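Asks: Sequence below, structure please.
(chains A, B, C and D)
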There are 2 protein chains.
Amino acid sequence: MSATLKRALGLLDLISQEPKGLDEIAALAEVHKTTIMRQLHTLEECRFVVRNDRGQYQLGSKLFELSSLALDQRNLVAVAHPHLIALNRLTGHTVHLAAFEGPEVVYIDKLESLHSVRMYSRIGLTAALHATGVAKVLLADLSVERRRHIAESIDYHPYTRNTISTAQDFLQRLDLVAARGYDYDDREHEEFVHCVAVPVREASGQVVAAISCSVPVVLRNQAELLALLPDIQNCAEAISKDLGWTPTERNAQ
Amino acid sequence: MSATLKRALGLLDLISQEPKGLDEIAALAEVHKTTIMRQLHTLEECRFVVRNDRGQYQLGSKLFELSSLALDQRNLVAVAHPHLIALNRLTGHTVHLAAFEGPEVVYIDKLESLHSVRMYSRIGLTAALHATGVAKVLLADLSVERRRHIAESIDYHPYTRNTISTAQDFLQRLDLVAARGYDYDDREHEEFVHCVAVPVREASGQVVAAISCSVPVVLRNQAELLALLPDIQNCAEAISKDLGWTPTERNAQ
DNA sequence: TCTCCTTGTTGCGTATATTGCAACTAGCGT
DNA sequence: ACGCTAGTTGCAATATACGCAACAAGGAGA
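Replies: Numbers count the residues shown, from 1 in each chain, chains lettered A, B, ... in the order given. Modelled structure (predicted):
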């Protein structure tokens, strides 16, 4: 494979947190600065990076352009977005939309809480499979064999005290999610945030995405959060309907 | 420079309009599909592209991630966004934020019209220098020499019957914009849309961005659009203040 | 003003990594 | 079963990216 390309793309990650100068980037990448310079020049030419007023390299506007186009390519986002806005206004809380992206689960849309509390998550980031409601909802729709296979390959990083830590617990949870049609994530990813996630289906009935509503525990207790479940499910059903799903078709597996 | 990298990045443009298969991409890029395949695999590994359910390659979720981070890196967007929301709600019309990105002018934020009418523009796209209000506002702040130099290098593509078509007219317009502090763009870019653009200044008083409000002529005539000017200027001043500009400092040029 | 030090840029030989070919596999529809 | 499309691998040739070392351009400080 293309090692050069891979390293060049990695440069974008290096400057993604904060703008950096040539030498600093070269040091981090552990390659000669000449090489880095030439790649950065190419990236700059293609507008993937720009030099700011201090001469540092930072992410460029081409990324906005491509990101915007990428969103258009998954009509899922376009279809879901207005419904997510409605849910966000209705509940006032952080709303996520996530879907499979190859073997990973990725946030593809997010609406911030109307309260000042903000969560650390962003569109494009991958969601931890064992520690997020959306991932569990998506995985719960897979066959038993694939669930097991995935469960055994997960690194059960303990984000909080409540994070699921074994494949056995994980599979048990997926069964529960599949049975009741939603996941209640009780501070498994962030110490002070719990969340409810439900599936979104396409025409065939297959789960293609998940939406979740995340709330700091100080704002709502478990009962109060679960009281939002009907609203969240209505939202997911509205999206599913827009994707061609008809509610009468029951989930056949 | 890195020709390989450049070509690989070009692949993203090829699939940016719609997902494509390997052969199609190879044909467009005019290189052997083996090469394309290996580069696409690397891009896929880095999540810059994904294969959709039909096996076609399309833009990947890494772009969302980087785009989101890129926005964070320009605090201009973060600072301006809430004000733009307010202006968007106040007027109901499409609002753009644009800034220099090297030699080009790029849209870095956009709020859609609350009416069903939508404009063809997107975050990340470059704005035509001679045919958009934001570009003229930004250019009007440059020195006379640089304006002239730029004016002579422009390809005066005639988007509409009203598009400025000569360097002379263009420079004259920039003088007008500089003198009155805003640009009125009368269907110069799209046949049925006119717009008003005003500058945003940073602490030093230099123009660092421009905001514009675009309206279909059927919704508002010239007088009605210009009636929005105070609101738009208030918005721009609010952003400028947040950037550290103090209105008393007059624009020294 | 001079010097030092940081930061970015260029020329060039070498060696590696990318390229293109050709042959092969896999899946699909007729 | 057959051909057709779409993607994958091995390999040799050579184009290309790499690192070095030396050079330019500011800025800081004395």
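
Asks: Farthest from the middle of chain A: give me that residue.
Replies: Distance from the C-alpha centroid of chain A, by CA atoms, centre = their mean, peaks at residue A:34 (36.1 Å).

Asks: and that residue, what element?
Replies: In this assignment (DSSP states H and E), residue A:34 forms part of helix A:33-45.

Asks: Which other helices and strands does that helix contact?
Replies: Of the remaining helices and strands, those touching helix A:33-45 by 3 or more CB pairs under 8 Å, 6 or more residues apart in numbering or on different chains; DSSP states H and E are helix A:3-14, helix A:22-29, strand A:49-51, helix B:3-14. Backbone N, C-alpha and C define where each C-beta goes, glycine included.

Asks: Can you say which of those is packed in most?
Replies: For the helices and strands packed on helix A:33-45, the largest average neighbour count (mean count of other CB atoms under 10 Å in any protein chain shown) is found in strand A:49-51, namely a mean of 22.

Asks: how about the strands of chain A, start to end?
Replies: In chain A, strands defined by DSSP state E lie at A:49-51, A:57-59, A:94-101, A:104-111, A:126-127, A:183-190, A:193-201, A:207-216, listed in chain order.

Asks: before we move on, the earlier item: can you list the neighbours in contact with the helix holding residue A:34?
Replies: Counting by CB atoms under 8 Å, 6 or more residues apart in numbering or on different chains, helix A:33-45 makes contact with A:7-8, A:11-12, A:22-23, A:25-26, A:29, A:49-51, A:57, A:60, B:1-2, B:5-6, B:9, B:102, all of which sit outside it.

Asks: likewise stretch A:145-157?
Replies: Outside stretch A:145-157, the residues that touch it by CB under 8 Å, 6+ apart are A:128-131, A:139-140, A:142, A:163-167, A:170-171, A:174.

Asks: Repeat that for stretch A:120-127.
Replies: Outside of stretch A:120-127, the residues within contact range by CB under 8 Å, 6+ apart are A:67, A:94, A:96, A:98, A:101, A:104-110, A:134-135, A:190, B:61-69.

Asks: What residues of it count as buried?
Replies: Of the residues in stretch A:120-127, those buried under the neighbour-count criterion (16 or more other CB atoms under 10 Å in any protein chain shown) are A:121, A:123, A:124, A:125, A:126, A:127.

Asks: start to end distance for that stretch?
Replies: For stretch A:120-127, the first-to-last residue distance is 11 Å (CA to CA, to the nearest Å).

Asks: Stretch A:163-170 too?
Replies: Its start and end residues considered, stretch A:163-170 measures 10 Å (CA to CA).

Asks: Equivalent analysis for stretch A:208-226, please.
Replies: First-to-last residue span, stretch A:208-226, CA to CA: 23 Å.

Asks: and it, which residues are buried?
Replies: A:208, A:209, A:210, A:211, A:212, A:213, A:214, A:215, A:216, A:217, A:220, A:225.

Asks: Switch the strands of chain A over to JSON lines; also include mean pLDDT and distance to DNA strand C.
Replies: As requested, the strands of chain A are exported to JSON lines (pLDDT from 0 to 100; distance: least, CB to the nearest atom of the strand, whole Å):
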{"stretch": "strand A:49-51", "mean pLDDT": "88", "distance to DNA strand C": "8"}
{"stretch": "strand A:57-59", "mean pLDDT": "90", "distance to DNA strand C": "7"}
{"stretch": "strand A:94-101", "mean pLDDT": "92", "distance to DNA strand C": "19"}
{"stretch": "strand A:104-111", "mean pLDDT": "88", "distance to DNA strand C": "23"}
{"stretch": "strand A:126-127", "mean pLDDT": "90", "distance to DNA strand C": "25"}
{"stretch": "strand A:183-190", "mean pLDDT": "95", "distance to DNA strand C": "32"}
{"stretch": "strand A:193-201", "mean pLDDT": "95", "distance to DNA strand C": "23"}
{"stretch": "strand A:207-216", "mean pLDDT": "94", "distance to DNA strand C": "19"}
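
Asks: Let's have those strands in a markdown table, adding distance to residue A:236.
Replies: A markdown table is the format used below for these (distance: least, CB to CB, whole Å):
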| stretch | distance to residue A:236 |
| --- | --- |
| strand A:49-51 | 38 |
| strand A:57-59 | 33 |
| strand A:94-101 | 10 |
| strand A:104-111 | 13 |
| strand A:126-127 | 17 |
| strand A:183-190 | 12 |
| strand A:193-201 | 5 |
| strand A:207-216 | 5 |
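
Asks: tell me the centre residue of chain A?
Replies: Short answer for chain A (CA atoms, centre = their mean): residue A:107, at 2.0 Å.

Asks: Who are the contact partners of it?
Replies: Contacts were defined as CB under 8 Å, 6+ apart; by that measure residue A:107 touches A:96, A:97, A:98, A:121, A:122, A:123, A:124, A:125, A:126, A:127, A:134, B:64.
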